[in-house]
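# Provided below are the primary sequence and the corresponding predicted coordinates.
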Amino acid sequence: MELSFDRLTKHYGSKIAVDRVSAALGPGVYGLLGANGAGKTTLMRMLCAILEPTAGEVFWGGEEVTGMGAAYRNVLGYLPQDFGCYPNYTAAEFLAYIATLKGIPRDMAQRRIRELLDTVGLLGAARKKLRTFSGGMKQRVGVAQALLNDPKVLILDEPTAGLDPKERVHLRNLLADYAGDRIVLVSTHIVSDVEAIADEVLMMKNGRFILRGTVPQLVRQAEGKVWELTVPAAQARAWAARVTVANFRHEGERAVLRIISDERPGPQAVPCRATMEDLYLYHFGEEA
């Protein structure tokens, strides 16, 4: 089955949040990468049929989703960016409540809740109130609720927000494993999350897709645009004001700058092998 969308558009008055984007997604992990304000959340809400598009259509298996109703919701799992939960519920109670809303039979829901709490590392906290949870723990509950109905289409908006590095790695591995015969779309502005698990990356800017491809394919587009330049440490700030500096390190009284630029920034600049982060900064340097 395929999730596709054709010339999907959303206007808010004179502001264009999403501008005629189209794509067809089969099984796999897709990274939706872009700076804050690029239109990622608006696009995801339209794909989930939560937000009505100004123009364009979304299709599941060739059928337009607005006419499918519950049949589409049954194949969909969604974690919104602003995931909220009831603080006086325990983790198990909250998931049971969501399971009821999704129409999952009680016996099946209880087994699934236990299984998912174990999967996200919260089985030992199942009976604790959500108000006692850290931000990362709440985020893991959010991932669990999105997985409750074993969805064929899993859409996660900034799922690693609030997670520590170990939790982020665990979640990335979980999603990569889950996506065997399912569609997983992950929105983020954290390049390493996309780089680690995405089969394909869709890079979004100003409401449009500007690039699509595998990580190696996209990284090749940044080759010849990444340079290393050593300058007196006192000049580092001035350089950062003039060009996009990915990072720099001090070596005594010198500073070694990693610069993103179409042209060699100075005669002493040495070309470097590009990374996904370099490509991101090339397109989103000002926003970043």
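Received it, and whenever you're ready, just let me know what you need. All values reported here derive from a predicted model rather than from experimental measurement.
# what's the burial count for E251?
10 (other CB atoms under 10 Å). Placement of C-beta: from N, CA and C, glycine included.
# residues contacting it?
By CB atoms under 8 Å, 6 or more residues apart in numbering, the residues touching E251 are T230.
# what does I50 give?
Y78.
# on the three-state scheme, it is what?
Secondary structure for I50, judged by DSSP: H, G, I helix; E, B strand; the rest coil, is coil.
# any figure for the gap between the residue lying closest to A196 once chain neighbours are set aside and A236?
Take A196 and drop its neighbours on the chain: the residue closest to it by CB to CB, 6 or more residues apart in numbering is R172, 5.1 Å away. Separation of R172 from A236 (CB to CB, to the nearest Å): 33 Å.
# any idea whether P267 is helix, strand or coil?
coil.
# tell me what the residue nearest the centre of the chain is bridged to.
The centre of the chain sits closest to S187, judged by CA atoms, centre = their mean, with a distance of 2.0 Å. Taking DSSP bridges as the rule, S187 bridges to L32, D157.
# thought it was touching T42?
No - using CB atoms under 8 Å, S187 is not in contact with T42; the gap is 10.4 Å.
# which parts of the stretch 101-250 of the chain are strands?
Taking DSSP state E, counting those that start in this stretch as the test, the strands found in the stretch 101-250 of the chain are 153-157, 183-188, 200-205, 208-213, 226-232, 244-251.
# now the terminal residues of stretch 153-164, how far apart.
Across stretch 153-164, the terminal residues are separated by 26 Å (CA to CA, to the nearest Å).
# so for that stretch, what's the average pLDDT?
Average pLDDT, stretch 153-164: 90.
# how far is that stretch from where the chain is centred?
6 Å (CA atoms, centre = their mean, to the nearest Å).
# mind listing what's buried in it?
V153, L154, I155, L156, D157, E158, P159, T160, A161, G162, L163 (16 or more other CB atoms under 10 Å).
# go on, stretch 130-144?
L130, F133, G136, M137, K138, Q139, R140, V141, G142, V143, A144.
# coming back round to it: more neighbours, R172 and A236?
More crowded of R172 and A236, by other CB under 10 Å: R172, with 22 against 18.
# my understanding was that the more buried one contacts E195; is that so?
No - the pair R172 / E195 is not scored as a contact, 9.9 Å apart, by CB under 8 Å.
# my guess is D199 meets Y30, correct?
Yes - in this structure, D199 is within contact of Y30 by CB under 8 Å, at 6.9 Å.
# could you list the domains of this structure?
3-220, 226-272 (automatic domain parsing).
# buried ones in the lowest-mean-pLDDT helix or strand in the chain?
Least confident helix or strand of the chain, by mean pLDDT, DSSP states H and E, is helix 191-197 with a mean of 87. For helix 191-197, burial by neighbour count (16+ other CB under 10 Å) applies to V191, S192, D193, V194, E195, A196, I197.
# now stretch 103-120
Per 16+ other CB under 10 Å, stretch 103-120 contains these buried residues: I104, A109, R112, I113, L116, L117, T119, V120.
# how about stretch 13-32?
Result for stretch 13-32 [16+ other CB under 10 Å]: buried residues I16, A17, V18, D19, V21, A23, L25, G28, V29, Y30, G31, L32.
# save those residues as TSV, and put in secondary structure too.
Below are these laid out as TSV (three-state DSSP):
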residue	secondary structure
I16	strand
A17	strand
V18	strand
D19	strand
V21	strand
A23	strand
L25	strand
G28	strand
V29	strand
Y30	strand
G31	strand
L32	strand
